[in-house]
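# dropping the sequence and predicted coords here.
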Amino acid sequence: MHQSKLIELLRKLSTRQLSRFGDFLQSPYFNKNTENKLFFNYLQAFVPGFDHPELEKGAVIRANPTESGLDEGALAYRMNELMQLLEDFLAAERLREQPLEAQFALMEAYHQMGLDKHYSTVRKRARKLLKKYPYQDAAYLQARYRLADIEDRYAQQYERRYREELQQAADALDRAYLAEKLRYSLEMVNAAQMLDIQYSLHLGEAVLGWLKDNPLHDAPRVDIYLNALLMLQQPEKQEYYHKLYSLLRDNEAILPPEEVKNLYAYLLNYCTRRINHYRDKSYLAHFLDINQYLLDKGMLLENGRLAPWRYTNLITAGLATGRPEWAKSFLEKYKKLLPEDFRDDIYHFNLAHHLYYTKDYGRAQVLLNQIDLRDALLAISAKNLLAKIYYETGQTELLLSFLEAYRIYLYRQDLVKPKLKEQARNFIDFTRKLAKLALFETEKRQALADSLPPATETFEREWLLAMFTKHLKGDGR
């Protein structure tokens with residue numbers, strides 16, 4: 001019995017839910033067989049784990065909790081019936097949590113009975129509940145349509161005229177459908193771009209075309225997802241980014257926090273795309289400002305923790321935008337919110353990055369050599385930064401030896417993705433070539449600069465290019 005669906009479900013219920021289910025079983029309206037209550041009382045004695053040996057099939061049969069005689073067949077029947085009752089209970093509890101659904105059900109019932117006064121009272125109650133709805137999300141738009149649909153179906157029995165209810169129902173359905181269709185289309189396009197998972201938009205393309213000619217400015221959720229989708233599909237047109245950002249800030253209160261967070265994530269991904277693919281450094285400031293806003297709102301934390309990659313990205317963005325003071329403040333302020341297992345190493349790496357930025361190479365080098373490099377991604381980032389320090393401080397022999405050790409390290413990392421290995425190997429190769437060139441070999445420097453792979457294929461491309469350019473201009477190391 002320990003592995004049965006019934007026991008698995010009971011383990012998931014809270015103490016309050018188990019108590020309420022016991023009350024549910026007391027009602028003859030729901031449960032007409034007292035044996036179900038007796039069986040549940042027996043099971044309830046083994047909360048919360050439901051893993052006691054007395055729940056073995058043979059032990060339950062011997063205990064005979066239903067007092068009517070049990071064999072394997074009777075036990076299976078009793079478990080199945082209790083499972084059915086438990087599902088009925090969960091459905092009833094779900095309905096209690098959705099008062100609008102209950103009102104809609106009553107409206108339908110009174111509609112069928114022809115009880116006009118009763119129907120009118122419940123309709124007013126439903127409208128009040130809809131007005132109190134906290135967000136204009138998918139559930140709200142669906143509820144708005146449901147209400148309009150019921151009102152229209154009730155009205156048309158008695159009236160032969162233009163029905164406002166019919167127009168309202170059709171409009172509400174349009175807005176509910178369009179918002180959700182755009183949201184699904186957005187997820188599909190994002191999956192194609194980020195994960196190379198292809199979907200067919202089908203009517204999504206027709207919806208886009210229709211909305212371009214018939215914008216629904218009174219439907220902010222539709223407008224938000226329309227601009228988010230266009231932003232992904234046409235990244236070269238920056239106006240969609242700015243429109244989405246403006247719409248989100250103006251309408252944030254009408255969307256659930258999780259939905260708002262997801263939409264800001266699309267904005268952040270767009271910033272990253274502009275930075276990496278379009279070499280548009282102005283979006284570093286956008287990236288930082290949005291993250292700062294989300295930090296202030298408490299939307300970047302997961303279970304009270306800040307993801308190490310996000311912590312690192314924000315410090316990098318702070319330094320890249322010339323805000324070292326902000327980066328240092330953030331570095332210290334949010335250290336305590338990093339996962340404990342990674343906290344010291346992530347903190348020390350980013351502190352070393354800050355020290356490198358301020359040209360305190362000695363302290364940065366010491367910190368980087370103290371980091372636990374069991375995490376491959378952190379190890380690669382630390383090794384890249386160390387190589388830059390060795391080169392910029394003129395430690396050429398140490399650099400060449402280090403790069404060879406780095407190459408061997410990469411070869412042994414079976415779990416590192418091939419793409420990351422390629423980026424790291426290209427960085428190693430070009431840094432080695434750079435270190436071996438004399439200052440006067442300008443033609444070779446220019447040739448190397450011209451042959452640099454794109455940023456998607458090598459780490460630290462901008463740094464490599466800057467080093468080539470610096471020496472081509474005749475500056476000293």
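Ah, there it is. Nothing here was measured: the structure is a model prediction, and the numbers come from that model.
# of all the residues in stretch 5-15, which ones are buried?
Within stretch 5-15, the residues scored as buried using 16 or more other C-beta atoms under 10 Å are 6-7, 10, 13. Every residue, glycine included, has its C-beta placed from N, CA and C.
# could you find the closest non-adjacent residue to Asp51?
His2 (6.1 Å; C-beta to C-beta, 6 or more residues apart in numbering).
# next one: phi and psi at the one you found?
In terms of degrees, to the nearest 10, the main-chain angles of His2 are phi -60, psi -30.
# which among the buried residues of stretch 5-15 gets closest to Asp250?
Among these, Leu13 lies closest to Asp250 (C-beta to C-beta), at 41.7 Å.
# and the gap between the residue at minimal distance from the centre of the chain and Arg363?
Nearest to the geometric centre of the chain sits Asn262, at 5.8 Å (C-alpha atoms, centre = their mean). Distance, Asn262 to Arg363, using C-beta to C-beta, to the nearest Å: 40 Å.
# got it, and Leu255?
Relative to Arg363, Leu255 is positioned 45 Å away (C-beta to C-beta).
# and the two? Which one has more around it.
Leu255 (22 against 14; other C-beta atoms under 10 Å).
# need the pLDDT of that one.
Looking at Leu255, its pLDDT is 94.
# the helices in the stretch 301-450 of the chain, which residues?
308-320, 324-333, 343-357, 361-368, 376-392, 396-412, 418-436, 442-450 (DSSP state H, counting those that start in this stretch).
# ok, Asp375 - how many residues close by?
17.
# typo on my end, it should be Pro28
9.
# element containing it?
Using DSSP states H and E, Pro28 falls within no helix or strand.
# with Tyr199 instead?
Using DSSP H and E, no helix or strand contains Tyr199.
# which residues does it contact?
188, 191-192 (C-beta atoms under 8 Å, 6 or more residues apart in numbering).
# rerun at 6 Å
Counting by C-beta atoms under 6 Å, 6 or more residues apart in numbering, Tyr199 touches Met188.
# swap in Ile61?
Applying C-beta under 6 Å, 6+ apart to Ile61 gives the contacts Leu70.
# does it sit in a helix, a strand or a coil?
The three-state label given to Ile61 by DSSP: H, G, I helix; E, B strand; the rest coil is helix.
# and it, how far from Lys5?
Distance of Ile61 to Lys5, given as C-beta to C-beta: 19 Å.
# Ser381 now?
On the measure of C-beta to C-beta, Ser381 and Lys5 end up 46 Å apart.
# pull out the buried positions in the host helix or strand of Leu226.
Element membership of Leu226, judged by DSSP H and E, is helix 220-233. Residues 220-232 are the ones in helix 220-233 that count as buried (16+ other C-beta under 10 Å).
# in the next helix or strand after it, what's buried?
The first helix or strand that comes after helix 220-233 along the chain, using DSSP H and E, is helix 239-251. Neighbour-count burial for helix 239-251 flags 240-241, 243-245, 247-248 (criterion: 16+ other C-beta under 10 Å).
# equivalent analysis for stretch 396-411, please.
Neighbour-count burial for stretch 396-411 [16+ other C-beta under 10 Å]: 399, 402-403, 406, 409-410.
# where do the helices sit along the stretch 151-300 of the chain?
164-195, 203-213, 220-233, 239-251, 257-277, 282-297.
# which of the ones you listed sits most buried?
Ranked by mean neighbour count, these are led by helix 220-233 with a mean of 23 (mean count of other C-beta atoms under 10 Å).
# contacts for that helix?
Contacts of helix 220-233 (C-beta under 6 Å, 6+ apart): 136, 178-179, 182-183, 185-186, 189, 211, 216, 240-241, 243-244, 247, 251, 266, 270.
# so where is the stretch 351-477 of the chain shaky, pLDDT-wise?
471-477 (pLDDT under 70).
# let's see 50
Flagging of the stretch 351-477 of the chain using pLDDT under 50 yields the residue ranges 474-477.
# mind putting the helices of the stretch 301-450 of the chain into CSV with distance to Met107?
Shown next, in CSV, are those (distance: least, C-beta to C-beta, whole Å):
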stretch, distance to Met107
helix 308-320, 47
helix 324-333, 53
helix 343-357, 55
helix 361-368, 67
helix 376-392, 56
helix 396-412, 66
helix 418-436, 56
helix 442-450, 72
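# out of those, which comes closest to Ala206?
helix 418-436 (36.0 Å).
# what about Val47, which SS state?
Put simply, Val47 is coil when judged by three-state DSSP.
# which one is it nearest to, not counting chain neighbours?
Nearest residue to Val47 in three dimensions, chain neighbours excluded: Leu18, at 6.4 Å (C-beta to C-beta, 6+ apart).
# element containing the one you found?
helix 15-26.
# what about that helix, distance to the chain center?
Offset of helix 15-26 from its chain centre (C-alpha atoms, centre = their mean, to the nearest Å): 35 Å.
# contacting residues around Ile428?
Applying C-beta under 6 Å, 6+ apart to Ile428 gives the contacts 403, 406-407.
# in which helix or strand would I find His118?
Per DSSP H and E: helix 116-131 holds His118.
# Glu457: which of the helices of the stretch 151-300 of the chain is closest?
Evaluated with C-beta to C-beta, these place helix 257-277 nearest to Glu457, the distance being 11.6 Å.
# contacts for the closest one, please.
By C-beta under 6 Å, 6+ apart, helix 257-277 touches 228, 231, 235, 241, 248, 252, 280, 283, 286-287, 290, 294, 299, 455.
# among the residues you listed, which two are most distant?
Top of the distance list for those (C-beta to C-beta): Glu252 and Ala455, 33.1 Å.
# okay, among the buried residues of helix 239-251, which ones form the most distant pair?
Greatest spacing in the buried residues of helix 239-251, by C-beta to C-beta: Tyr240 and Leu248 (12.3 Å).
# per-residue pLDDT, Ala172?
pLDDT, Ala172: 91.
# residues in contact with it?
144-145, 148.
# please flag which of the residues you listed sit within helices.
Judged by DSSP state H, those include 144-145, 148 as members of helices.
# ends of stretch 125-144, what's the gap?
Stretch 125-144 has an end-to-end distance of 13 Å (criterion: C-alpha to C-alpha, to the nearest Å).
# average pLDDT across it?
If you average the pLDDT over stretch 125-144, you get 92.
# please enumerate residues in contact with it?
Contact with stretch 125-144 is made by 99-100, 103, 147, 172, 175-176, 179-180, 221, 254-256, as judged by C-beta under 6 Å, 6+ apart.
# closest to Glu443 out of those?
Within these, the smallest distance to Glu443 is 57.9 Å, found for Leu255 (C-beta to C-beta).
# residues in contact with the closest one?
Going by C-beta under 6 Å, 6+ apart, Leu255 touches 135, 137.
# kindly recompute the last result at 10 Å.
Contact partners of Leu255, counting by C-beta atoms under 10 Å, 6 or more residues apart in numbering, are 134-138, 140, 220-221, 224, 248, 261-263.
# good, wrapping up.
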